[in-house]
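J.: What would the 3D arrangement of this be:
(chains A and B)
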Amino acid sequence: NAGVMQNPRHLVRRRGQEARLRCSPMKGHSHVYWYRQLPEEGLKFMVYLQKENIIDESGMPKERFSAEFPKEGPSILRIQQVVRGDSAAYFCASSPEGQGLAEAFFGQGTRLTVV
Amino acid sequence: SQKIEQNSEALNIQEGKTATLTCNYTNYSPAYLQWYRQDPGRGPVFLLLIRENEKEKRKERLKVTFDTTLKQSLFHITASQPADSATYLCALDEGGSYIPTFGRGTSLIVHP
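T.: Have a look, this model is predicted:
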């Protein structure tokens, strides 16, 4: 899964700051999925995007969280005014068009710590 | 409510033995079920996918079974090695969204 690149690997933010997490999908993949993993919990789906389009954001908190996947460049997960409860590992996965996550490739994750 | 249950207690086994991990689900009708491996500080790595009309699937030392009547999948690692120590996640999808839902995972520890 080295093909899906996430950065930064670790991010520390103070409460109230903004966090920007980046995900570059595997070459040839046009679909990106974001998941969040809290300590001792499973991966929770957040949002599913294709280039310039949000397909499913049913797992995204209604406030402070947004995601985009522009025509050029990586997908961005943005968390505004972070709170301690946002501390988690955020994983991105990518797939070719039409495959969903049937055989998913995940990145190494960004570990966000809010202090 | 919908649930995916994996044993929260770590499974400790001796090297060379077969490890068997369980994934039970309720109130789902999965079109397929997946198993992933996750090492500490790393992303999940896809291992195997089994579809609702398949009873068993194998890949090298790995074997997955899927019993839609019992609503259960078993994941076996034969001739286990210390390098197999990791957390194993099951995930299932009902087929419409292609966005699987994950269990919390079970930690496997293989002792030399």
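
J.: since we're on residue 83, how many residues are nearby?
T.: Defaulting to chain A. Residue A:83 sits with 12 neighbouring residues when counted by other Cβ atoms under 10 Å in any protein chain shown. Where C-beta positions appear, they are placed from N, C-alpha and C, glycine not excepted.

J.: actually chain B
T.: 8.

J.: Could you confirm it falls within a helix?
T.: Yes - looking at residue B:83 with DSSP: H, G, I helix; E, B strand; the rest coil, it is inside a helix.

J.: In contact with it, which residues?
T.: Contact analysis of residue B:83 by Cβ atoms under 8 Å, 6 or more residues apart in numbering or on different chains lists residue B:110.

J.: ok, it to residue A:25 distance?
T.: 28 Å (Cβ to Cβ, to the nearest Å).

J.: Can you report phi and psi for residue 25?
T.: Using chain A. Taking degrees, to the nearest 10, you get phi -70, psi 170 for the backbone angles of residue A:25.

J.: I was thinking of chain B, sorry if that wasn't clear
T.: Taking degrees, to the nearest 10 as the convention, residue B:25 sits at phi -140, psi 150.

J.: before we move on, what about residue B:70?
T.: phi -80, psi -10.

J.: which residues touch residue 38?
T.: No chain was given, so I picked chain A. A:44, A:88.

J.: Chain B was what I was after
T.: By Cβ under 8 Å, 6+ apart, the neighbours of residue B:38 are B:44-45, B:86-89, B:105.

J.: Among the residues you listed, which one lies nearest to chain A?
T.: residue B:44 (4.9 Å; Cβ to the nearest Cβ).

J.: Could you report the pLDDT at that closest one?
T.: The model reports residue B:44 with a pLDDT of 94.

J.: looking at it, it is touching residue A:43, isn't it?
T.: Yes - the pair residue B:44 / residue A:43 is scored as a contact, 7.0 Å apart, by Cβ atoms under 8 Å.

J.: any residues in contact with both of these two?
T.: By Cβ under 8 Å, 6+ apart, the residues touching both residue B:44 and residue A:43 are A:91, B:89.

J.: Same drill for the two, tell me which one is more crowded.
T.: residue B:44 (29 against 26).

J.: Checking the residue nearest to the more buried one when sequence neighbours are not counted next. Helix, strand or coil?
T.: In this structure, residue B:44 finds its nearest non-sequential neighbour in residue B:36, 4.0 Å apart by Cβ to Cβ, 6 or more residues apart in numbering or on different chains. Put simply, residue B:36 is strand when judged by three-state DSSP.

J.: Which per-residue confidence value corresponds to residue B:36?
T.: 96.

J.: Tell me the pLDDT of whatever residue of chain B ends up closest to chain A.
T.: Nearest residue of chain B to chain A (Cβ to the nearest Cβ) works out as residue B:98 at 2.1 Å. Note on residue B:98: pLDDT of 72.

J.: Could you grab the helix/strand/coil label for it?
T.: Residue B:98 - assigned by three-state DSSP - is coil.

J.: give me the beta-bridge partners of residue B:76?
T.: residue B:20, residue B:63 (DSSP bridges).

J.: Can you give me the distance of it to residue A:14?
T.: 47 Å.

J.: Hmm, residue B:86 and the residue nearest to residue B:44 touching each other?
T.: No - the pair residue B:36 / residue B:86 is not scored as a contact, 9.6 Å apart, by Cβ under 8 Å.
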